[in-house]
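*Asks:* Take a look and give me a structure for this.
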Amino acid sequence: MKGIQFKSQNSRDFIVSAARNLHNSKWQQAFKDICSIKIFSKLRGFVNGHLKEALLIKVKEVAMKIFIIESQAQHESFSIN
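*Replies:* Numbering: from 1, shown residues only. Next up is the predicted model:
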């Protein structure tokens with residue numbers, strides 16, 4: 001199913017696509033997929049930027065968590081200061 005692009009305007013399709021992209025370490029595309037959901041264009045805070053920035057930070061955090069979980073067999077330990 002690699003390379004499948006959703007043409008539908010269904011929110012569920014964008015969310016599923018974002019989840020697949022996060023699983024494949026493509027957080028930028030996952031963020032674009034989530035931002036493509038129509039309801040976000042109607043939120044004043046999202047259009048102004050502060051909610052969009054908060055979403056971007058959360059997507060990056062989730063992408064890092066997924067990467068660590070997916071690659072845990074390759075590493076003995078992680079340390080973050």
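*Asks:* Name the helix or strand for the one residue sitting closest to the centre of the chain, please.
*Replies:* Nearest to the geometric centre of the chain sits A30, at 3.6 Å (Cα atoms, centre = their mean). Assigned by DSSP states H and E, A30 belongs to helix 27-35.
*Asks:* Report the backbone C-alpha coordinates of that helix in PDB.
*Replies:* In PDB, the C-alpha atoms belonging to helix 27-35 read as follows (Å, rounded to 0.1, in the frame of the first residue of the first chain):
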ATOM      1  CA  TRP A  27       6.000  13.400   9.900                       C
ATOM      2  CA  GLN A  28       5.900  16.400   7.500                       C
ATOM      3  CA  GLN A  29       3.400  14.500   5.200                       C
ATOM      4  CA  ALA A  30       1.400  13.400   8.300                       C
ATOM      5  CA  PHE A  31       1.100  17.000   9.400                       C
ATOM      6  CA  LYS A  32      -0.100  18.100   5.900                       C
ATOM      7  CA  ASP A  33      -2.600  15.300   5.900                       C
ATOM      8  CA  ILE A  34      -4.000  16.400   9.300                       C
ATOM      9  CA  CYS A  35      -4.100  20.000   8.200                       C
END
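*Asks:* Now the element after that helix, going C-ward?
*Replies:* Heading C-terminal from helix 27-35 (DSSP H and E), you reach helix 44-48.
*Asks:* list the helices and strands that following helix packs on?
*Replies:* helix 50-70 (3 or more Cβ pairs under 8 Å, 6 or more residues apart in numbering; DSSP states H and E). No exception for glycine: its C-beta is placed from N, CA and C like everyone else's.
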